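**Q** 3D, please:
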Amino acid sequence: MSLRSLLVLLCVSFWLAGCASNTTQHVPDSITFSDWQEAKAVYELSLAQVMGSVPVPDAIEQEDASLIQAIDQNLYPHLFWGHVQADGQLMAATEGHADGLWVLFLDNDHPSLNQPGPTLQTGRQANLLAVTVRPDRISPAFAGVFLTHELMHGFNDLFADGALPEASEFNAYSVEKAAYNYRYNGRLNAVLDDLLDARNLDNHDDFVAFTRADDDRLNQFLLNIDDKLGHGPAHSPAERQMRMEFYLMAASIRVGERSGATFFDNTARLNRLLEQRRRF
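**A** Residues are numbered from 1 along each chain as shown. Here you go, the predicted structure:
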């Protein structure tokens, strides 16, 4: 069984088990948002909390500002919101212009929802660059964090002509990891360091071998991350899968940070891990 298939199976089982065992944190009954307004409220507030935790670089640090700081300073002020009706018509929920990035929520009766697809995806909607959002319910703890991944793709399209395509996903997952750590005071790095130390995963070769093992170690590793972060059960199977994939990629990036690997080595390793994950 491929890594991707295994993650999907585990995501559903972990979500069901988490919901059954949870007694202190409320999990909504529906695994989809009731409408686009509810989805917008969750994503908008969660993203504002993330961006509000990102430090503003001073004049001396400006050239060395991190990618998420660049997004906060240059893209976030040009982020606009709207929704897509079942007939395909785009409706603005805020004032905006065609030169920014739009977050467009699919109405719950949109025909594209009859087919499976990613919860968040950046691309063109009519003449707009947009993050298209399906109504899969995502918890407030992660909605803004996951959205920053797509903001990185939007940032590349708007501001980074000539960016290397092979670095795109690495940068997006790096921003997502940074977003979580800023929002929750470095909690993810601390949890990853403890678990990587406990398993003696000191370099990329060790980590790749670990992900390819036939036993249950990787599954338990990802589940342990989720448990130690302490956000409670995912609000849908889609969120559970997104969490597991995020943890896996964040762990790969953290291994590179700890081992002193070069940017190009880190990028190549993460892209190979992505390819492994995508095989069925």
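**Q** got the CA positions of stretch 171-189 in PDB?
**A** C-alpha atoms of stretch 171-189 as PDB (Å, rounded to 0.1, in the frame of the first residue of the first chain):
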ATOM      1  CA  ASN A 171       8.200  27.200   0.200                       C
ATOM      2  CA  ALA A 172       4.500  26.700   0.700                       C
ATOM      3  CA  TYR A 173       4.900  24.000   3.400                       C
ATOM      4  CA  SER A 174       7.700  26.100   5.000                       C
ATOM      5  CA  VAL A 175       5.300  29.100   5.200                       C
ATOM      6  CA  GLU A 176       2.600  26.800   6.600                       C
ATOM      7  CA  LYS A 177       5.000  25.500   9.300                       C
ATOM      8  CA  ALA A 178       6.100  29.000  10.100                       C
ATOM      9  CA  ALA A 179       2.500  30.200  10.300                       C
ATOM     10  CA  TYR A 180       1.700  27.500  12.900                       C
ATOM     11  CA  ASN A 181       4.800  28.200  14.900                       C
ATOM     12  CA  TYR A 182       4.100  31.900  15.000                       C
ATOM     13  CA  ARG A 183       0.500  31.400  15.900                       C
ATOM     14  CA  TYR A 184       1.200  28.800  18.700                       C
ATOM     15  CA  ASN A 185       4.600  30.100  20.000                       C
ATOM     16  CA  GLY A 186       6.800  27.400  18.400                       C
ATOM     17  CA  ARG A 187       4.800  24.500  19.600                       C
ATOM     18  CA  LEU A 188       5.200  22.400  16.400                       C
ATOM     19  CA  ASN A 189       9.000  22.700  16.400                       C
END
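**Q** pLDDT on that stretch, on average?
**A** When pLDDT is averaged along stretch 171-189, the result is 95.
**Q** report the buried residues of that stretch.
**A** 171-184, 188-189 (16 or more other Cβ atoms under 10 Å). Where you see a C-beta, it was placed from the backbone N, CA and C, and this is true even at glycine.
**Q** where's residue 147, which helix or strand?
**A** helix 140-159 (DSSP states H and E).
**Q** CA-only coordinates of that helix in CSV, if you can.
**A** What follows is helix 140-159, C-alpha atoms only, in CSV (Å, rounded to 0.1, in the frame of the first residue of the first chain):
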residue,chain,number,x,y,z
PRO,A,140,-10.5,27.4,13.6
ALA,A,141,-7.2,26.1,14.9
PHE,A,142,-6.0,25.1,11.5
ALA,A,143,-8.1,27.0,8.9
GLY,A,144,-5.7,30.1,8.8
VAL,A,145,-2.6,27.9,8.9
PHE,A,146,-3.7,25.8,6.0
LEU,A,147,-4.7,28.9,4.0
THR,A,148,-1.2,30.4,4.3
HIS,A,149,0.0,27.4,2.2
GLU,A,150,-2.1,28.7,-0.7
LEU,A,151,-1.2,32.3,0.0
MET,A,152,2.4,31.3,-0.8
HIS,A,153,1.4,30.0,-4.2
GLY,A,154,-0.6,33.2,-4.8
PHE,A,155,2.4,35.3,-3.7
ASN,A,156,4.6,33.4,-6.2
ASP,A,157,2.2,34.2,-9.0
LEU,A,158,1.8,37.9,-8.1
PHE,A,159,5.2,38.9,-6.9
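**Q** pull out the buried positions in that helix.
**A** Quick answer for helix 140-159 (16+ other Cβ under 10 Å): 141-157.
**Q** so how far is it from its chain's centroid?
**A** Remark: helix 140-159 is offset 8 Å from the chain centroid, using Cα atoms, centre = their mean, to the nearest Å.
**Q** swap in stretch 73-86?
**A** The answer for stretch 73-86 is 17 Å, by Cα atoms, centre = their mean.
**Q** name the surrounding residues that touch it.
**A** By Cβ atoms under 8 Å, 6 or more residues apart in numbering, the surrounding residues in contact with stretch 73-86 are 36, 40, 44, 51, 56-57, 65, 90-97, 99-107, 109-111, 125, 132, 151, 154-155, 158-159.
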